[in-house]
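Enquirer: Give the three-dimensional model of this entry:
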Amino acid sequence: MASSYYKLNISNRDETGTKEAKIARRKGFVPGVLYYSGEEALSISIEKSILLRAMNSGQRVFEINQDGESQYTMLKQVQYHPVTDEVLHIDLMRVRRSEKMTILVPIVLVGDAIGVREGGILSQSLTQVEISCLPTDVPEQIDLKIDDLELNSALNIGDIDTGSEDIEIISDPALNIVSITAPVSEEVADEEAEEGEALEGKDSSEEKADESSKDSSEEKTDN
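Expert: Residues are numbered from 1 along each chain as shown. Predicted coordinates for the structure are as follows:
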């Protein structure tokens with residue numbers, strides 16, 4: 001669990017608009033908006049280097065200082081440049097420490113699966129899980145142990161153990177996270193190739209027969 005939060009130093013933006021946002025970026029700041037339910041949105045800016053370090057910290061909830069009071073916030077949306085991937089704009093959502101929040105956290109596979117050691121192919125179809133908890137209980141990640149995962153078996157959301165009664169999983173328990181399948185053997189691949197060739201040969205023979213029948217019918221019609 002996150003015992004402390006990465007601190008973001010935010011500044012209020014009195015002037016808004018495309019021109020002002022570009023000026024802020026040239027000065028090394030990222031423009032953004034701070035939301036909170038029932039309150040008016042606030043235009044802000046954050047020093048780019050600080051924001052990037054916070055985003056790379058692995059944390060999902062950050063501490064900010066607003067009007068001399070510590071508040072907590074989460075990244076709601078990040079807008080990137082389509083070519084350079086530079087962060088252009090962010091939306092922050094304030095959260096209260098006493099109120100549960102819904103948030104996506106990454107799923108990390110832990111261990112060495114039996115099925116992989118036996119030659120199976122591991123496929124992870126889901127990398128995040130939606131949970132509900134207090135901001136003080138938000139984990140940096142959810143670990144899923146896969147040591148006992150065998151060939152032709154899978155693990156779903158319902159198999160996750162958060163290790164805490166204070167964290168509720170919101171995602172559908174039936175959603176697949178990871179599975180291990182047996183690789184297609186060369187024999188099977190060869191058989192499938194032969195079957196494909198046989199079908200192609202059959203289709204070709206049928207086409208020739210149809211053409212021959214058609215030609216014969218046309219000759220009779222001409223006579």
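
Enquirer: Helix or strand: which one has residue 94?
Expert: Per DSSP states H and E: residue 94 is located in strand 87-95.

Enquirer: typo on my end, it should be residue 151
Expert: Going by DSSP H and E, residue 151 is not part of any helix or strand.

Enquirer: where does it land on pLDDT?
Expert: pLDDT, residue 151: 94.

Enquirer: Would you check that it makes contact with residue 121?
Expert: No: look at residue 151 against residue 121 with CB atoms under 8 Å: they stay out of range, at 9.4 Å. (Glycine included, C-beta is placed from N, CA and C.)

Enquirer: Need the mean per-residue confidence for the helix or strand following the strand holding residue 94.
Expert: With elements assigned by DSSP H and E, the helix or strand that comes after strand 87-95 is strand 101-110. Mean pLDDT, strand 101-110: 92.

Enquirer: Quick one: mean pLDDT for the helix or strand just after strand 101-110?
Expert: Using DSSP H and E, the helix or strand that follows strand 101-110 in sequence is helix 114-117. Average pLDDT, helix 114-117: 94.

Enquirer: residues in contact with the helix or strand just after helix 114-117?
Expert: Counting by DSSP H and E, the element after helix 114-117 in chain order, helix or strand, is strand 121-124. Residues outside strand 121-124 that contact it (CB atoms under 8 Å, 6 or more residues apart in numbering) are 107, 109, 113, 115-116, 146, 177-183.

Enquirer: Tell me which strands the helix or strand that strand 121-124 is followed by pairs with, and in which orientation.
Expert: Next in sequence after strand 121-124, counting helices and strands by DSSP H and E, comes strand 128-133. Strand 128-133 has its sheet partners listed here by DSSP bridges as strand 101-110 (antiparallel), strand 168-169 (antiparallel).

Enquirer: Could you list the low-confidence segments of this protein?
Expert: The chain contains residues with pLDDT under 70 at 1-4, 185-223.

Enquirer: 90 instead, please
Expert: The chain contains residues with pLDDT under 90 at 1-24, 35-42, 54-77, 93-99, 101-104, 134-140, 163, 183-223.

Enquirer: Using PDB, write out the CA atom coordinates for the top strand by length along the chain.
Expert: Longest strand in the chain, counting residues (DSSP state E): strand 69-80. Provided in PDB are the C-alpha atoms of strand 69-80 (Å, rounded to 0.1, in the frame of the first residue of the first chain):
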ATOM      1  CA  GLU A  69      -4.200  22.800   2.600                       C
ATOM      2  CA  SER A  70      -3.000  19.300   1.600                       C
ATOM      3  CA  GLN A  71      -5.400  17.700  -0.900                       C
ATOM      4  CA  TYR A  72      -5.300  14.400  -2.800                       C
ATOM      5  CA  THR A  73      -5.800  13.900  -6.400                       C
ATOM      6  CA  MET A  74      -5.600  11.300  -9.200                       C
ATOM      7  CA  LEU A  75      -4.800  11.600 -12.900                       C
ATOM      8  CA  LYS A  76      -8.100  11.400 -14.700                       C
ATOM      9  CA  GLN A  77      -6.900  12.000 -18.300                       C
ATOM     10  CA  VAL A  78      -3.600  12.700 -20.000                       C
ATOM     11  CA  GLN A  79      -3.400  14.200 -23.500                       C
ATOM     12  CA  TYR A  80      -0.300  13.400 -25.500                       C
END
